[in-house]
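Trainee: Kindly generate the corresponding structure for this input.
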Amino acid sequence: MTDTSLPRELQRPPKQTEAALEGNLVSATRYTSADYLQREFERVWRRVWNIGGVSYQMPEPGDYLTAELGPDSIIMTRQDDGSVRAYHNACAHRAARITEAAEGHVQRFQCPYHGWQFDRAGVVVDVPSPEDFPQGNPCGTQRLKEVRCEERFGMVWFNMDDSAPGLAEFLGETVVRELESHRMEEMVRVLDITAEAECNWKILTDNFNESYHVTVLHPELVPYIAADYDDCQYDLLPGGHNRGWFPSFMPSKVWDKETIGEPLVSLAAAWDIDSSQYVGRDSWKQLRLDVQKKKRELGEEKGFKHYEWLADYQLTDYVIYNIFPNNVITVGPDGVQLLRPRPHPTDPAQHLFDHWWLVNRIEGQEFTPSPAGGPDLPVEDAEHEHIRYGEKTLGRTADQDLSIGKAQQRGLTSAGYQENFYLANQERRVQRFHEVLDKYMAE
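Mentor: Just a heads-up that it's a prediction; the model follows:
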């Protein structure tokens, strides 16, 4: 396998040079207007790379997945040569959907309306009464509209724009290099849940583009993750993407005790470290370094073989990659989380929120802690769940993020909104997101 690891001695991601912000106003219309939402589908969603599914879901030729993105439905299918091709889920005859299934296996796709059949390459191969078409037999000449498709990081991606740059160019060198180091293609997705939520998709995107809210909205993270802006690092990356680095195994500054508390006590003990010996903030920084050292020393023995290709900071810390416009990929030492708000097809005040959790397979470990709370999850491919927000937990942190969405949506529709945000420097990723969005919407 190609060596995708970063230099081991790194204690944080390499800092990036940032272009200056332009200071665009952030209007309420982008959150509340149905017309703006429809223009987003044309000018943004059909021009960017979107995640369609996990590659291992379709291992054999003829296996397929479907992905829903607003009014569009995309079929991705494995070919005989092992590649993946993608098509709009709309019959070449009169546009009926070819399938309503989320996944399956076919020798041929067949439209349920008039029975037109398509091979895995999307070409019409059989129709009723082929001689009755005055413009000519559609077999071999008509096909499903193809969509660009690539696999990377163990995921299937698609792009509806034939003229868009390739996936690697779209993501940029930094994102590709750093995500590849986690070897997500070797992980298994143990949580796969979608919730219908009552706010515009960009409200959640804004939320994930800053950590200013963490110590207030997520107090449970304070004991073991440093969320203060002067401890963290935020980078604006090319293409509208960005990155946030959050050192872990050390509390945030609002932690008002001299000694370490849970869950950090237990997290350190798992690596044979007595955290009671670390008193005061300077010693907590040393704890992080000592945990890295222990993970290097004991990782393979404890079954964590994937530590071999991680840099030192990746052994303890969390890095959030915000891939424009809406894919939020959080990587940690033992797994990857995807938090993704997708636009509602017609209502700007609603969205679909996806929560995936992918973990490394650890020898002898049959269950893994769930980010959604409750019992541990089996280390096996999860069945997809679709709920309305509030019917069950999406996880304490995700629930907290969604809880603020409806209130902010209502505020943005009121006369009290002053037609711009008043942002801290640590929230500059929010500003950059909207500036890139404006460019897409203007083109």
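Trainee: can you map out the helices along the stretch 101-250 of the chain?
Mentor: Assigned by DSSP state H, counting those that start in this stretch, the helices in the stretch 101-250 of the chain fall at 167-171, 173-180, 201-208, 214-217.
Trainee: Export these to JSON lines and append columns for distance to residue 394, mean neighbour count and mean pLDDT.
Mentor: Just so you know, the C-beta spots here come from the backbone N, C-alpha and C atoms, and that holds for glycine as well. JSON lines is the format used below for those (distance: least, C-beta to C-beta, whole Å; neighbours: other C-beta atoms under 10 Å; pLDDT from 0 to 100):
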{"stretch": "helix 167-171", "distance to residue 394": "26", "mean neighbour count": "18", "mean pLDDT": "98"}
{"stretch": "helix 173-180", "distance to residue 394": "23", "mean neighbour count": "17", "mean pLDDT": "96"}
{"stretch": "helix 201-208", "distance to residue 394": "12", "mean neighbour count": "24", "mean pLDDT": "98"}
{"stretch": "helix 214-217", "distance to residue 394": "14", "mean neighbour count": "16", "mean pLDDT": "93"}
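Trainee: Let me have those helices in JSON lines, extended by distance to residue 367.
Mentor: Listed next are these as JSON lines, based on distance: least, C-beta to C-beta, whole Å:
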{"stretch": "helix 167-171", "distance to residue 367": "33"}
{"stretch": "helix 173-180", "distance to residue 367": "26"}
{"stretch": "helix 201-208", "distance to residue 367": "28"}
{"stretch": "helix 214-217", "distance to residue 367": "28"}
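Trainee: Indicate which one of those helices is closest to residue 406.
Mentor: Comparing the helices of the stretch 101-250 of the chain against residue 406 with C-beta to C-beta, the closest turns out to be helix 201-208 (8.9 Å).
Trainee: Can you name every helix or strand that the closest one contacts?
Mentor: helix 29-32, strand 318-323, strand 335-343, strand 351-359, helix 396-412, helix 428-442 (3 or more C-beta pairs under 8 Å, 6 or more residues apart in numbering; DSSP states H and E).
Trainee: for this structure, which spans come out with low pLDDT?
Mentor: The model of the chain has pLDDT under 70 over residues 1-4.
Trainee: any idea how far residue 52 lies from residue 65?
Mentor: Noted for residue 52: a distance of 6 Å to residue 65, by C-beta to C-beta, to the nearest Å.
Trainee: Give the residues shared as contacts by the two.
Mentor: 76, 156 (C-beta atoms under 8 Å, 6 or more residues apart in numbering).
Trainee: Just want to know which of the two has more residues nearby.
Mentor: residue 52 (25 against 22; other C-beta atoms under 10 Å).
Trainee: which SS class is the more buried one?
Mentor: strand (DSSP: H, G, I helix; E, B strand; the rest coil).
Trainee: okay but it is in contact with residue 75, surely?
Mentor: No - judged on C-beta atoms under 8 Å, residue 52 makes no contact with residue 75 at a distance of 9.3 Å.
Trainee: Spit out the residues that contact the two alike.
Mentor: 65, 86.
Trainee: And the strands in the stretch 151-300 of the chain?
Mentor: All strands of the stretch 151-300 of the chain, identified by DSSP state E, counting those that start in this stretch, fall at 155-159, 188-197, 233-236, 242-246.
Trainee: Can you say which of those is packed in most?
Mentor: strand 155-159 (a mean of 24; mean count of other C-beta atoms under 10 Å).
Trainee: Report the inter-axis angle for that strand versus helix 173-180.
Mentor: Angle of strand 155-159 versus helix 173-180, following axes from the mean of the first three to the mean of the last three C-alpha atoms, to 10 degrees, is 150 degrees.
Trainee: how about residue 76, secondary structure?
Mentor: Per three-state DSSP, residue 76 ends up strand.
Trainee: Near it, how many other residues are there?
Mentor: 25.
Trainee: hang on, isn't it packed against residue 159?
Mentor: No - contact criterion C-beta under 8 Å: residue 76 and residue 159 do not qualify, at 11.9 Å.
Trainee: Spit out the residues that contact those two alike.
Mentor: Common neighbours of residue 76 and residue 159 (C-beta under 8 Å, 6+ apart) are residue 149.
Trainee: hey, where'd the strands end up in the stretch 1-150 of the chain?
Mentor: 50-54, 63-69, 72-78, 84-88, 103-105, 109-110, 117-118, 124-126, 146-152.
Trainee: between the ones you listed, which gets nearest to residue 301?
Mentor: strand 50-54 (29.8 Å).
Trainee: quick one, the closest one and strand 84-88 angle?
Mentor: Counting by the same axes, to 10 degrees, strand 50-54 lies at 120 degrees to strand 84-88.
Trainee: hmm, back to that, can I get the strands of the stretch 151-300 of the chain in a markdown table including distance to residue 33?
Mentor: Output for the strands of the stretch 151-300 of the chain, formatted as a markdown table (distance: least, C-beta to C-beta, whole Å):
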| stretch | distance to residue 33 |
| --- | --- |
| strand 155-159 | 25 |
| strand 188-197 | 19 |
| strand 233-236 | 27 |
| strand 242-246 | 25 |
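Trainee: Which one, of those strands, ends up nearest to residue 420?
Mentor: strand 233-236 (19.3 Å).
Trainee: strands paired with the closest one, and their directions?
Mentor: strand 242-246 (antiparallel) (DSSP bridges).
Trainee: Name the residues that touch the strand it pairs with?
Mentor: 12-13, 16, 174-175, 178, 209, 211, 225-227, 232-237, 313, 317-322, 429, 432-433.
Trainee: I'd like the strands of the stretch 1-150 of the chain as a markdown table, with distance to residue 40 appended.
Mentor: Shown next, in a markdown table, are those (distance: least, C-beta to C-beta, whole Å):
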| stretch | distance to residue 40 |
| --- | --- |
| strand 50-54 | 13 |
| strand 63-69 | 11 |
| strand 72-78 | 12 |
| strand 84-88 | 18 |
| strand 103-105 | 27 |
| strand 109-110 | 29 |
| strand 117-118 | 30 |
| strand 124-126 | 32 |
| strand 146-152 | 18 |
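Trainee: No further questions, thank you.
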